[in-house]
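1. this is the structure alone, sequence omitted:
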Ligand code: A3P
C-alpha cells in the first residue's frame, strides 16, 4: 500500500478505509472486556456477513420479528471496529460482527471468552463480489477495471488486506477461541442444517415453526426486498447496484478469464497448501 494513497491507512499491517475507521478506536478495542454471552461473526468482507447478521439476530429474536424488522442489521449486530459501535455499553447478549484480522481482535476473546462464528467464502467469488461493491458504493475507491482490481485483491492492496492471510491466521489460531467455522457455500446448500449448527453452538433452541421463520426471513429474496436487511441506506455512486447482488456460488466464472482463473488457482495452491480447507467453487 502506497503511503501516498490516503484512501486507506494502515494499522498494525492491516488496511482500513480512512473515511470509516479511526486508529484510536482500533487501539482501544484490543482492550475491550468480553463476556461469555458475547457472539462475534468474523468474516473477510463479501463472504456473507450481512446474511449471518440477519440469521443470528433472527435466532436471538426467538420468533419475535418486531425488533428485527425495525432495525437495520448493522444495529442488531454492529461492527466492533466502527468507532460508534458502543460495544462496551450495549446490553447482553451482545451480537457483533468484525472483519478484523486475528491479531487485532480484543485480546480477551483469545482466552475463550465469548463465541466466534467465522464465515468463509470461496475467494474467487469474494473477489468478484468485492469488485462490484467497490464499483457501486460511495465510500470505496472505484476500481480502474477488473484486471486491475484482480491484482489488488491478490496482493492484499484492498481493505482488510489479504484474504489468504485473514483465513490462515484465524484458522491456525482457532483453538484459542470458542470457534465455529462455516462457509457461505454450505449455507447455500443447506441453510436449515447451518442454522441448527449455529443454534447448537450458541446454546439456543428453536422449534420447527421458529426455524422455518428464520429460514424464510434470511432467504436472499426476502432480504433483498427488506430495507432493514439490504443496506438500502448506504450511499451509492449512482443508482443501481444493490448490496444483495446475485447471492450465488460460482459467479467468478462470468468474470474471470481462463488465464486469471489458472493464475488464481496456482496462488491458491501455494498459499493454502497446508490448510485443511475445502471450498466449493461452483453451484452444486
Ligand atoms: P454477491 O455480491 O456475490 O451477490 P458481505 O455481507 O460479507 O459484504 O457479503 C455480501 C455478499 O453476500 C453478496 O454477494 C450478497 O449478495 C451475499 N448475500 C447476502 N445475503 C445473502 C443471502 N440471504 N443469500 C445468499 N447470498 C447472500
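-> Now that the structure is in, tell me what you want to look at. Computed from a predicted model, the values in this text were never measured in an experiment.
2. under the pLDDT cut-off, which ranges of the stretch 151-284 of the chain? List them.
-> Nowhere does the stretch 151-284 of the chain drop to pLDDT under 70.
3. that one: strands as residue ranges?
-> All strands of the stretch 151-284 of the chain, identified by DSSP state E, counting those that start in this stretch, fall at 179-183.
4. what parts of it come near the ligand?
-> 218, 219, 220, 223, 244, 245, 246, 247, 251 (Cβ under 6 Å from any ligand atom). The C-beta positions use only the backbone N, C-alpha and C, and glycine is treated the same way.
5. ok, the helix or strand harbouring residue 9: who's next to it in the sheet?
-> For residue 9, the element it lies in under DSSP states H and E is strand 8-11. Next to strand 8-11 in the sheet, as set by DSSP bridges, lie strand 14-17 (antiparallel).
6. is the partner strand in proximity to the ligand?
-> No. Counting by Cβ under 6 Å from any ligand atom, the ligand has no neighbours in strand 14-17; the shortest distance is 13.5 Å.
7. ok, now how distant is the closest residue to residue 32 other than its chain neighbours from residue 51?
-> Using Cβ to Cβ, 6 or more residues apart in numbering and skipping residues adjacent in sequence, the residue nearest residue 32 is residue 106, 4.2 Å away. Plainly put, residue 106 is 24 Å away from residue 51 if you go by Cβ to Cβ, to the nearest Å.
8. and residue 120, by the same measure?
-> For residue 120, the distance to residue 51 equals 13 Å [Cβ to Cβ].
9. overlap in contacts of those two?
-> Shared contacts of residue 120 and residue 51 (Cβ atoms under 8 Å, 6 or more residues apart in numbering): residue 184.
10. which residues of the stretch 151-284 of the chain fall in helices?
-> Secondary structure of the stretch 151-284 of the chain (DSSP state H, counting those that start in this stretch): helices located at 163-172, 184-189, 191-202, 208-217, 220-225, 258-272.
11. let's have the ones you listed in TSV, adding mean neighbour count and distance to residue 82.
-> Converted to TSV, these look like this (neighbours: other Cβ atoms under 10 Å; distance: least, Cβ to Cβ, whole Å):
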stretch	mean neighbour count	distance to residue 82
helix 163-172	19	18
helix 184-189	20	22
helix 191-202	16	23
helix 208-217	15	24
helix 220-225	14	21
helix 258-272	13	29
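12. so for residue 33, which of those sits nearest?
-> helix 191-202 (19.5 Å; Cβ to Cβ).
13. packing partners for the closest one?
-> Judged by 3 or more Cβ pairs under 8 Å, 6 or more residues apart in numbering; DSSP states H and E, the packing partners of helix 191-202 are helix 49-61, strand 115-120, strand 179-183, helix 184-189, helix 208-217.
14. between the shortest one and helix 191-202, how many degrees?
-> Okay, so that is strand 179-183. Put simply, strand 179-183 runs at 170 degrees to helix 191-202, going by axes from the mean of the first three to the mean of the last three Cα atoms, to 10 degrees.
15. what of the first one?
-> Relative orientation of helix 49-61 with respect to helix 191-202: 60 degrees, computed using the same axes, to 10 degrees.
16. and helix 49-61, how far out from the chain middle?
-> Between the centre of helix 49-61 and the centre of its host chain there is 12 Å, according to Cα atoms, centre = their mean, to the nearest Å.
17. report the buried residues of it.
-> The neighbour-count check on helix 49-61 (16 or more other Cβ atoms under 10 Å) flags 49-61 as buried.
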